[in-house]
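Student: the sequence and its predicted three-dimensional model are supplied below.
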Amino acid sequence: MAEQCKISASMVSASEERSYARSYVLKVDGYSRAKELLKNGQCVTSTPFGVGGHSWVVRYFPNETFSRKGSSSRGWHDYIKRDDLDVSSHLRDNCLNIRCDVTVMKEIHGEEARVPPSDLDRHLGDLLKNKDAADLTFQVGGQSISAHRCVLAARSSVFKAELLGAMKESSAASPIEICDMEDDVFKSLLHFMYTDSVPLTLKLDVVMAGHLLVAADRYNVVRLKQICEEKLCVHMDSNMVATSLALAEQHGFPRLKEACLQFLDSPSNFKAMMASDGYEHLTSSCPSVLKELIARILPAEWSVAKEVVMKM
């Protein structure tokens with residue numbers, strides 16, 4: 001009887017880090033005919049397919065009565081009633097598609113299963129917080145901040161050159177003064193260098209992202225630079241764009257610069273930027289980028305005007 005039902009199937013495979021997974025679609029053409037031909041307890045069985053080194057089949061029982069009780073081997077327990085299925089959007093042109101997602105977990109031995117995730121970041125963070133065995137003192141914004149020479153040298157090529165090079169002897173006894181940086185910015189920089197995670201201040205504050213971007217660039221902390229630049233690009237607005245553009249131009253952040261220029265391609269954004277607090281700073285500190293911006297937003301047919309602007 002099952003042979004009179006037209007059955008077809010397709011398989012889509014995908015691998016996961018700790019499992020083998022396959023999605024199998026059983027297609028039943030002639031759904032109403034299958035209900036007539038297959039009696040209670042009879043089924044249509046798909047062709048076998050392999051997942052995780054095992055062979056699997058999908059069985060379709062159009063008239064079998066299931067109960068939640070004792071059905072742990074059946075998989076999903078929230079069955080759809082046949083009367084509901086007959087009028088649902090799942091049934092189209094008398095054709096029923098049944099998708100089964102089969103995941104087989106890779107074998108995990110007992111010892112491996114008991115290994116906890118790495119907590120190196122927590123231990124190093126505690127080292128910074130508790131100042132255990134600290135051998136450096138920085139003077140930043142009137143505050144003394146303790147740190148560890150070996151950690152900073154391992155995380156920053158600039159600190160490595162300064163702390164393990166010619167400045168090693170002079171930095172051993174006297175505090176190292178950090179100019180042109182607020183103490184909360186320097187503390188956030190150290191937090192990232194010890195834990196490889198962004199501080200809460202960066203998650204909440206776009207202004208802090210700008211300050212940290214400069215600090216990360218100064219000490220060549222590459223990943224932090226990328227994180228801060230990404231935050232400034234994503235959270236672009238009319239109040240911050242002038243400051244971000246000046247920052248990008250002065251410190252050489254091409255991705256941030258392009259994001260600012262694209263944002264200012266809009267005349268309304270450009271007008272709002274001119275009313276912001278950072279606009280005056282942009283015009284005085286980076287007149288060349290302002291000319292570049294004006295030439296960029298001029299209509300293409302104004303080519304002569306663009307040349308004049310760029311030569312100003």
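Tutor: Structure received. Numbering: from 1, shown residues only.

Student: report how many residues lie close to residue 205.
Tutor: 15 (other Cβ atoms under 10 Å). All C-beta atoms are positioned from the backbone trio N, CA, C, and that covers glycine.

Student: go on, the one 4 residues further on?
Tutor: Residue 209: 25 surrounding residues under other Cβ under 10 Å.

Student: what about it, distance to residue 138?
Tutor: Noted for residue 209: a distance of 22 Å to residue 138, by Cβ to Cβ, to the nearest Å.

Student: likewise for residue 276?
Tutor: 34 Å.

Student: between those two, which is the more surrounded one?
Tutor: Between residue 276 and residue 138, residue 138 has the larger neighbour count (other Cβ under 10 Å), namely 20 against 17.

Student: would you agree that one falls within a helix?
Tutor: No. Applying DSSP: H, G, I helix; E, B strand; the rest coil, one finds residue 138 to be strand, outside a helix.

Student: tell me the contacts of it?
Tutor: Listed by Cβ atoms under 8 Å, 6 or more residues apart in numbering, the contact set of residue 138 reads 144-147, 175-178, 186.

Student: list only those of those flagged as buried.
Tutor: When the contacts of residue 138 are checked for burial by 16 or more other Cβ atoms under 10 Å, the buried set is 145-147, 176, 178, 186.

Student: which of those residues fall within strands?
Tutor: Among the buried ones among the contacts of residue 138, the ones falling in strands (DSSP state E) are 145-147, 176, 178.

Student: tabulate the residues you listed (TSV), appending pLDDT and distance to residue 122.
Tutor: Shown next, in TSV, are these (pLDDT from 0 to 100; distance: Cβ to Cβ, whole Å):
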residue	pLDDT	distance to residue 122
145	95	20
146	95	19
147	96	17
176	92	27
178	93	26
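
Student: farthest-separated two in the residues you listed?
Tutor: Greatest spacing in those, by Cβ to Cβ: 146 and 178 (13.2 Å).

Student: JSON lines for the ones in strands among the buried ones among the contacts of residue 138, including distance to residue 100?
Tutor: Formatted as JSON lines, these follow (distance: Cβ to Cβ, whole Å):
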{"residue": "145", "distance to residue 100": "58"}
{"residue": "146", "distance to residue 100": "59"}
{"residue": "147", "distance to residue 100": "56"}
{"residue": "176", "distance to residue 100": "63"}
{"residue": "178", "distance to residue 100": "61"}
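
Student: name the nearest of those relative to residue 57.
Tutor: In terms of Cβ to Cβ, no member of those lies closer to residue 57 than residue 147, at 62.3 Å.

Student: which stretches in the stretch 51-200 of the chain count as helices?
Tutor: 82-86, 110-113, 120-130, 149-155, 157-163, 168-173, 183-195, 200-204 (DSSP state H, counting those that start in this stretch).

Student: no more questions from me, cheers.
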